[in-house]
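Peer 1: Provided below for reference: sequence and predicted model.
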Amino acid sequence: MTTSEAVEVLPAPDQLERWLRSQHWFRGRGPVTCERATVLRDGDPTLVHVVLAGDGRRYQLLLGLRDELPERLVHARIGTAGDRAVYEAVYDPELTAALLDHFEESAEVDGLRFRGALPPRYTDAPVGRPFPGPQRNCSIVYGQRHVLKFFRVLEPGDNPELVLHDALHSVGDPHIAAPQGALESELDGVRTTFAVLHEFVPLGALGWPMATASVRDFLAGPGEDPQAAGGDFAAEARRLGLAVARVHADLRDSLGEQTAGPDDEVEFVGALHRRLDDALAWVPALAPFEAGLRARYDAVLEAGEPIRLQRVHGDLHLGQVLRSPHTWVLVDFEGEPHGGAAERVRPRPAAHDVATALRSLHYAASQLLVGADDVAGLLPRAAKWLARNRKAFCDGYVELSPEFRLDGALLAAVELDRAVLEVCHEQRFRPEWVVIPLSAIAEAVTGEPAWPV
Ligand SMILES: Nc1ncnc2c1ncn2[C@@H]1O[C@H](COP(=O)(O)OP(=O)(O)O)[C@@H](O)[C@H]1O
Ligand SMILES: O=P(O)(O)O[C@H]1O[C@H](CO)[C@@H](O[C@H]2O[C@H](CO)[C@@H](O)[C@H](O)[C@H]2O)[C@H](O)[C@H]1O
């Protein structure tokens, strides 16, 4: 598309930049340029796929254009191109329908390939609406049938979300949403995943609200035994452990595993230390725990246990697991979010996902303590909830993977590494929650319950 053609479909530069800077996923600071704009549906409304470049990153947008913007789309307005209104296309069911049509037809438009494996369409076409909850990318939900997720930030190559879903699907893993297609194109001459299409998991409940409702129920009641509380979560935690172990085994079967050599082990532990260096520079509250953390990292090398490496989920927490009526389903396999594209595809110990899931149970147990009046009274019971659910998750995991070392130096170190990353994440986005991962680090290092009372 020539510059003059792009001008006809893009909002004025100042309008576009103002809108971009109001988006939580946009991290660019310098000027933004349009790398390509592809008309996916002509007429009124028009659908345009846009790749923008700025500050060394690529962003993907879906724009709608209309001669007149109806009231119901005013909230999605970005600006104007000529005398047409430009808005976010995901809010317009006429345009989201056009995307699904492209998948059904396995269309290719100017190098954008809609690779679809959709079941035959029912008589009623599902309406595509933006996913309402918090998210990093941009997902469109089609009725109770499909989820189409556009990655906001594009990086050249196959996205792990696609690679891991395809691998797990190929061995019949029951704990994923079945892959139904992908939008691909070339970026820097490399085949790149722009979007993934998955089966919608109907009637799914997210793990985070389930677990935190259980904690709330236990803490609100008079009892001292989480097992006796009505909202006990332990059976679910055990099933989740089983599901994660199955996903790990299926990833080993489909994509292989390897034993880390001595150099890899040194590098692995070195990376833990480097992340701590960065975190210490950013969060001084970590300083009292530095020596203890480093000792636990070095214990991995001293233990001399072989480290097996494989592809893992990478960011497994209770907000990434959906309880369907049948089983737990893991979503969002984009990989370790802290770091670049290379970090996301790096084989890791299975302990990585076990550690992040255990950290998430600690978060669930602790979040009601933040700002609570009666921390001293709540703390021992939150600890009981955590101990029970941690054990249940681990029991489930080792039931399927009995060789996994729950008491090894590796799991302890990886859990602490995740907590260090969490401290940085919270410091930046939710400072009042820093206390959650910090208390876990303090307790691991000092051996004492460490919530500030
Ligand atoms: N296949 C699916 N079926 C039903 N809901 C889903 C599915 N995939 C994702 N979700 C829901 O969408 C939310 C966001 O999905 P996710 O892949 O984590 O997107 P993001 O990367 O934008 O955060 C999830 O927390 C989950 O509630
Ligand atoms: O946005 P993502 O889902 O990729 O994950 C990032 O944000 C998460 C939420 O802030 C963050 O998770 C942390 O908080 C969760 C509770 O909100 C808790 O369950 C997780 O254990 C904890 O790590 C995640 O670390 C970050 O990568």
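Peer 2: Yes, it's here. What you see is a predicted model, and the numbers here were worked out from it, not measured in a lab. Ligands and ions are numbered 1, 2, ... in the order given.
Peer 1: what about residue 26, how many residues nearby?
Peer 2: Residue 26 has 19 neighbouring residues, counting by other Cβ atoms under 10 Å. (Glycine included, C-beta is placed from N, CA and C.)
Peer 1: what helix or strand is the nearest residue in space to it that is not next to it in sequence on?
Peer 2: Distance criterion Cβ to Cβ, 6 or more residues apart in numbering; nearest residue to residue 26, sequence neighbours excluded, is residue 20 at 4.6 Å. Element membership for residue 20, per DSSP states H and E: helix 13-21.
Peer 1: may I see the buried residues of stretch 106-124?
Peer 2: In terms of neighbour count (16 or more other Cβ atoms under 10 Å), stretch 106-124 has its buried residues at 107, 112-116, 118.
Peer 1: end to end, how far does it reach?
Peer 2: Using Cα to Cα, to the nearest Å, one end of stretch 106-124 lies 20 Å from the other.
Peer 1: neighbouring contacts of that stretch?
Peer 2: 36, 38-40, 49, 99-105, 146, 179-186, 194, 197 (Cβ atoms under 8 Å, 6 or more residues apart in numbering).
Peer 1: these in strands, which ones?
Peer 2: Using DSSP state E, the members of the contacts of stretch 106-124 that fall in strands are 36, 38-40, 49, 146, 179-186, 194, 197.
Peer 1: give me the number of residues near residue 227?
Peer 2: 10.
Peer 1: verify the stated contact: it with residue 388.
Peer 2: Yes. Assessed by Cβ atoms under 8 Å, residue 227 is found in contact with residue 388 at 6.6 Å.
Peer 1: pull up the overlap in contacts between these two.
Peer 2: With Cβ under 8 Å, 6+ apart as the test, residue 227 and residue 388 both reach residue 234.
Peer 1: which positions in this protein make contact with ligand 2?
Peer 2: When proximity is defined as Cβ under 6 Å from any ligand atom, the chain approaches ligand 2 at 136, 208, 315, 317-319, 337, 359-360, 363, 422, 425.
Peer 1: could you dump these into CSV with pLDDT added?
Peer 2: As requested, the residues of the chain next to ligand 2 are arranged in CSV below (pLDDT from 0 to 100):
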residue, pLDDT
136, 86
208, 98
315, 96
317, 98
318, 98
319, 96
337, 79
359, 98
360, 98
363, 98
422, 97
425, 94
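Peer 1: and the residues you listed near ligand 1, which?
Peer 2: Answer for the residues of the chain next to ligand 2 near ligand 1 (Cβ under 6 Å from any ligand atom): 136, 319.
Peer 1: I'd like to know which of the residues of the chain next to ligand 2 are part of helices.
Peer 2: 208, 359-360, 363, 422, 425 (DSSP state H).
Peer 1: and the residues you listed, which is closest to residue 234?
Peer 2: Relative to residue 234, the closest of these is residue 360; by Cβ to Cβ it sits at 15.0 Å.
Peer 1: list the buried residues for stretch 404-419?
Peer 2: Residues 404, 408-419 are the ones in stretch 404-419 that count as buried (16+ other Cβ under 10 Å).
Peer 1: and those, which two are furthest apart?
Peer 2: Farthest pair in the buried residues of stretch 404-419 (Cβ to Cβ) is 404 and 419. Separation: 20.0 Å.
Peer 1: Provide the secondary structure category for residue 325.
Peer 2: Under DSSP: H, G, I helix; E, B strand; the rest coil, residue 325 falls in the coil class.
Peer 1: can you check residue 53 too?
Peer 2: Criterion first, three-state DSSP; result for residue 53: strand.
Peer 1: mind listing what the residue lying closest to residue 326 once chain neighbours are set aside touches?
Peer 2: Spatial nearest neighbour of residue 326, chain neighbours left out: residue 174 (7.9 Å); criterion: Cβ to Cβ, 6+ apart. Applying Cβ under 8 Å, 6+ apart to residue 174 gives the contacts 246, 326-327.
Peer 1: run the last query once more with 10 Å
Peer 2: Residue 174 makes contact with 168, 243, 246-247, 250, 324, 326-329 under the criterion Cβ atoms under 10 Å, 6 or more residues apart in numbering.
Peer 1: which of the residues of the chain next to ligand 2 count as buried?
Peer 2: Buried, going by 16+ other Cβ under 10 Å: 208, 315, 317-319, 359-360, 363, 422, out of the residues of the chain next to ligand 2.
Peer 1: so where's this structure uncertain?
Peer 2: 1-7, 121-123, 453 (pLDDT under 70).
Peer 1: ok, now with 80
Peer 2: Scanning the chain for pLDDT under 80 picks out the ranges 1-7, 28, 30, 117-125, 133-135, 337-339, 449, 452-453.
Peer 1: distance of the residue sitting furthest away from the middle of it from ligand 2?
Peer 2: Going by Cα atoms, centre = their mean, the residue of the chain most distant from its centre is residue 83, 38.8 Å out. Separation of residue 83 from ligand 2 (Cβ to the nearest ligand atom, to the nearest Å): 39 Å.
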